[in-house]
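A.B. asks: take this sequence and fold it.
(chains A and B)
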2 protein chains.
Amino acid sequence: MLNQALEYAKENQERFLTELKEVLTIPSISTDPDHKADMQHAAEWMSAQLKSINMSNVQIMPTGGHPVVYGEWLGAGKTSPTVLIYGHYDVQPVDPLELWTNPPFEPAVIGDNLFARGSADMKGQVLASLKAVESIMKNGDMPVNIKWLIEGEEEIGSEHLDDFIKNHKELLACNFCLNTDAGILASDEPSITTGLRGLAYFELRVYGPSKDLHSGLFGGTVHNPAQALAELIAGMHDKNGKITLPGFYKKVRKLSKKEHKDFARLPLNNKLYLEQTGVPALWGERKFTPPERLGARPTLEINGLLSGFTGPGSKTVLPAWAMAKISCRLVPDQTPEQTIKQLKKYLKEKAPKDITWELEYLHGAGAALVSRDNIGIKAMAKSMETVWGKKPYFLREGGSIGVVVQLQKRLGVDSVLSGFALPDCDAHSPNEKLHLPTWHKGIDALIHFFYNLK
Amino acid sequence: MLNQALEYAKENQERFLTELKEVLTIPSISTDPDHKADMQHAAEWMSAQLKSINMSNVQIMPTGGHPVVYGEWLGAGKTSPTVLIYGHYDVQPVDPLELWTNPPFEPAVIGDNLFARGSADMKGQVLASLKAVESIMKNGDMPVNIKWLIEGEEEIGSEHLDDFIKNHKELLACNFCLNTDAGILASDEPSITTGLRGLAYFELRVYGPSKDLHSGLFGGTVHNPAQALAELIAGMHDKNGKITLPGFYKKVRKLSKKEHKDFARLPLNNKLYLEQTGVPALWGERKFTPPERLGARPTLEINGLLSGFTGPGSKTVLPAWAMAKISCRLVPDQTPEQTIKQLKKYLKEKAPKDITWELEYLHGAGAALVSRDNIGIKAMAKSMETVWGKKPYFLREGGSIGVVVQLQKRLGVDSVLSGFALPDCDAHSPNEKLHLPTWHKGIDALIHFFYNLK
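C.D. replies: Below you'll find the predicted structure:
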């Protein structure tokens, strides 16, 4: 039955791609209220897919925000394990739109890649799971019980998912979660993610004069809010790239010698990061290597800046306010709650008296680490070895996935983090793309994975 | 004839206001290419006005940018002085539009004020000159020769005016220029401006990664350009509010004891600045008082900031670039050319190797100081004393007016800087307004001024 499923997946490659393109035309941007109808449309599309592959109890379930799509197949019986398959149908915003070579919601295959917003993060990954399950179900029964949890708020911090999980503990009960929202190292370097960073996302506003002023008539008498904001931001790192918020590193777990060695063994080097980012030189905490900085060290990033006149040409304005979007990636055992306090303390200590400020906490999640002894991790490692012909690396990744923390907290289950997006897939950037040969390998790996769990 | 002119101005107050409202409906925003037709419309309106008050040789003359409106009346003969009356028909942009109580190009009188973009800066001032001349011409001849130079690029640095003046030296030949683009201290405190700051306006762009990156997947390995820009901006002032660009203060004239005393005598105090700006506390160079910082000290202001994601909600992006609009107000004997070099030198010394940067110089002008012995200054001082019943203050102002420097350089003539906008008129801000009682006094003062020159 394994071989029939693999054969089915091979024969249906073309159709799988067509269906993926179809869902990629839906601009399901969760952060933008203008796309509410598209969010509903995407949820309905996912629900129809679950029904088409014979899932039971398929529902679009309301949350405080965008709905969750649920479905299940429990025919393997109570003695078999139950896997909760996680996915999200929402995508990131697309600006700056002018940098896209093809329109973000008109999927285009160029060479080996499929270009579209959401192709890699993560509609392509959700489809890989759906198509692996379809390939098995069309040729017999699933070797294990499965449940689907496909949410619509991952890109805005899974704000309402925690309550949803809390309120549906029984429905979602499982042995572990399969989460394909993490990528692999390279098309020929399979990997499984055993650690994720957490997140705390803020908007900081600095207020100066009660209205925009003429910079000639008042410049030199009031503290320019854009300058004051720049001064506050500049002070958030020291010259060694360390973050200066009071107590920020207090709960950060120290890396053991073994962990340093594990990081050093990864097929990652500075040249690779330089190529992937296009920067003239790397930057970061001096005492750690880039993979360590990404996997095991927290960060503070400026995600956006806005103040005064930003159009073409000039305007001699002294702006009334300035705004920064600021987010911290957190590592075990930091929490968003501590980070809020630390950033507030920093601002209270450093903000001058000639301006006022407001800090809004937008969303966040803790960090996560998963044991390599988890049955799902073991099954996935084996299936990758089969498909790629080599053992996968175990990684700690820089991104944040709220649901991993929530499932650990609410259901006590770990997540197997194993998706098939590549590091250069441009998730969250213009020209996001999915590497199709890797995607098809991913579907095969997922088919093996379910059989390995039996 | 003086009394008849004053009487005429009084009788026609209503009509003068109606005509001012008419020109204020034209959105002549010079910096925005979308408003090119409006610029032409405003120029035609000014030209029609000059014709309607019997000026000769009225022309709309091309420049490298927006046209200049010219007109003259030389009937006083060669033994009488010639006054070049300067004005500009362009206005500042109107964003943030949502902060305007009334639409910026739908003039509205509320109480003593006329609200509209350009009401104070400076269509209202141009109309004051036009209506003073009309009041005299309808009741006899002008006591002096006059020429009009009404440009359309003041708000974008009078970029093409310098060439225009250079190419029309004979046409524009005069004894001095009357420039009403400077305001007065208060409705009951007449003043004449004898000094203006210069300007050098820049756009600084900092580039990091070749595209926007996922802040989780790359945060901690590359120098965030928004952070790098903030660091560069933060370093441009020291903790005493002094600007750190190398050599920035080298050419700044020291204030003499007498000049310190003159500044101290002005009816200006910290409370007034706090009220006008709405800031919780004043800021600036510690060793100078606010009026000194505005009139006699240079500044460096951030006029705008833009980077990454600035919409509602969150996007975990590590931006590819960050931009700041930066302008310096200059005092004698600084020049924009020196400032460009100093800012470049600063950036070369301070910018880290892990980012790249580009500095674009947008426009600028030198500073200006005028002698109190100028015949125009004397005539204006006398007319203000007549109308307000008290001697005017002599001021050095914080703003910059390119034409003042250009006329000094090209024609060797000084400018009498005396307009009737108030410090709280919100020039360049939302809800710009003209105080109408002061405007009418201004028209009377200008009528007296021309007679005083005879």
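A.B. asks: hey, where'd the strands end up in the stretch 301-450 of chain A?
C.D. replies: A:317-318, A:321-330, A:356-365, A:368-369, A:393-397, A:415-417, A:433-435 (DSSP state E, counting those that start in this stretch).
A.B. asks: the domain parsing of chain A - what is it?
C.D. replies: The record, using automatic domain parsing to delimit domains, assigns chain A the ranges A:2-196+A:367-452, A:199-252+A:298-364.
A.B. asks: quick one: mean pLDDT for stretch A:337-357?
C.D. replies: Averaged across stretch A:337-357, the pLDDT comes to 98.
A.B. asks: now do it: distance to the chain's middle.
C.D. replies: Distance of stretch A:337-357 from its chain centroid, counting by Cα atoms, centre = their mean, to the nearest Å, is 28 Å.
A.B. asks: relative to its centre, which residue of chain A is most distant?
C.D. replies: Centroid-distance maximum for chain A: residue A:217 at 47.2 Å, with Cα atoms, centre = their mean.
A.B. asks: redo the strands of the stretch 301-450 of chain A as TSV? Include distance to chain B and mean neighbour count.
C.D. replies: (C-beta placed from N, C-alpha, C; glycine too.) Listed next are the strands of the stretch 301-450 of chain A as TSV, based on distance: least, Cβ to the nearest Cβ, whole Å; neighbours: other Cβ atoms under 10 Å in any protein chain shown:
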stretch	distance to chain B	mean neighbour count
strand A:317-318	5	29
strand A:321-330	6	26
strand A:356-365	5	18
strand A:368-369	13	22
strand A:393-397	7	22
strand A:415-417	13	27
strand A:433-435	12	27
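A.B. asks: so which of the domains of chain A comes closest to residue B:290?
C.D. replies: domain A:199-252+A:298-364 (4.5 Å; Cβ to Cβ).
A.B. asks: next up, phi/psi of the residue lying closest to residue A:102 once chain neighbours are set aside, please.
C.D. replies: Spatial nearest neighbour of residue A:102, excluding adjacent residues (Cβ to Cβ, 6 or more residues apart in numbering or on different chains): residue A:108 at 4.4 Å. Main-chain torsions, residue A:108, degrees, to the nearest 10: phi -140, psi 130.
A.B. asks: next one: the closest residue to residue A:138 other than its chain neighbours from residue A:232, what distance?
C.D. replies: If the residues on either side of it in the chain are set aside, residue A:138 comes closest to residue A:8, at 5.6 Å by Cβ to Cβ, 6+ apart. According to Cβ to Cβ, to the nearest Å, residue A:8 stands 58 Å off from residue A:232.
A.B. asks: who has more neighbours, these two?
C.D. replies: Higher neighbour count among residue A:8 and residue A:232: residue A:232, with 23 against 17, using other Cβ atoms under 10 Å in any protein chain shown.
A.B. asks: wasn't that one part of a helix?
C.D. replies: Yes - counting by DSSP: H, G, I helix; E, B strand; the rest coil, residue A:232 is part of a helix.
A.B. asks: OK, contacts around it?
C.D. replies: Applying Cβ atoms under 8 Å, 6 or more residues apart in numbering or on different chains to residue A:232 gives the contacts A:204, A:206, A:347, A:350-351, A:357.
A.B. asks: that one and residue A:302: what is the separation?
C.D. replies: Counting by Cβ to Cβ - residue A:232 and residue A:302 are separated by 11 Å.
A.B. asks: sorry, back to before: for residue B:332, find the nearest of the domains of chain A.
C.D. replies: domain A:199-252+A:298-364 (15.2 Å).
A.B. asks: quick check: end-to-end length of stretch A:386-402?
C.D. replies: When the termini of stretch A:386-402 are compared using Cα to Cα, to the nearest Å, they are 30 Å apart.
A.B. asks: that stretch: how far from the chain's middle?
C.D. replies: Worked out by Cα atoms, centre = their mean, stretch A:386-402 lies 14 Å from the chain centre.
A.B. asks: what does stretch A:422-438 give?
C.D. replies: Centroid separation between stretch A:422-438 and its chain, computed with Cα atoms, centre = their mean, is 13 Å.
A.B. asks: for stretch A:364-379, same thing?
C.D. replies: That offset, for stretch A:364-379, works out to 16 Å (Cα atoms, centre = their mean).
A.B. asks: give the buried residues for it.
C.D. replies: A:364-370, A:374, A:376-377, A:379 (16 or more other Cβ atoms under 10 Å in any protein chain shown).
A.B. asks: CA atoms only: put it into CSV for me.
C.D. replies: What follows is stretch A:364-379, C-alpha atoms only, in CSV (Å, rounded to 0.1, in the frame of the first residue of the first chain):
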residue,chain,number,x,y,z
GLY,A,364,3.8,37.1,21.1
ALA,A,365,4.6,33.5,22.0
GLY,A,366,7.2,31.7,24.1
ALA,A,367,10.1,29.6,22.6
ALA,A,368,10.0,25.8,22.2
LEU,A,369,12.4,22.8,22.3
VAL,A,370,11.3,19.3,21.4
SER,A,371,13.0,16.0,22.4
ARG,A,372,14.6,13.9,19.7
ASP,A,373,13.0,10.8,21.3
ASN,A,374,9.5,11.9,20.3
ILE,A,375,8.0,9.1,18.2
GLY,A,376,7.1,11.6,15.5
ILE,A,377,10.6,12.9,15.3
LYS,A,378,11.9,9.4,14.9
ALA,A,379,9.4,8.5,12.2
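A.B. asks: what average pLDDT does it get?
C.D. replies: Mean predicted lDDT for stretch A:364-379 stands at 90.
A.B. asks: give me the distance between the residue in the stretch 51-200 of chain A positioned nearest to chain B and residue B:309.
C.D. replies: When scored by Cβ to the nearest Cβ, the stretch 51-200 of chain A has residue A:93 as its residue closest to chain B, at 5.7 Å. Note on residue A:93: its distance to residue B:309, by Cβ to Cβ, is 7 Å.
A.B. asks: mutual contacts of these two, please.
C.D. replies: Any residue near both residue A:93 and residue B:309 by Cβ under 8 Å, 6+ apart counts here, and that gives residue B:315.
A.B. asks: residue A:229 contacts residue A:307, correct?
C.D. replies: Yes - the criterion here is Cβ atoms under 8 Å, and residue A:229 meets it with residue A:307 at 6.9 Å.
A.B. asks: who touches both of those two?
C.D. replies: Common neighbours of residue A:229 and residue A:307 (Cβ under 8 Å, 6+ apart) are A:322-323, B:305.
A.B. asks: just these now: which is nearest residue A:76?
C.D. replies: Nearest to residue A:76 among these, with distances taken as Cβ to Cβ, is residue A:323, at 52.1 Å.
A.B. asks: quick one, grab the pLDDT at that closest one.
C.D. replies: Confidence score, pLDDT, at residue A:323: 98.
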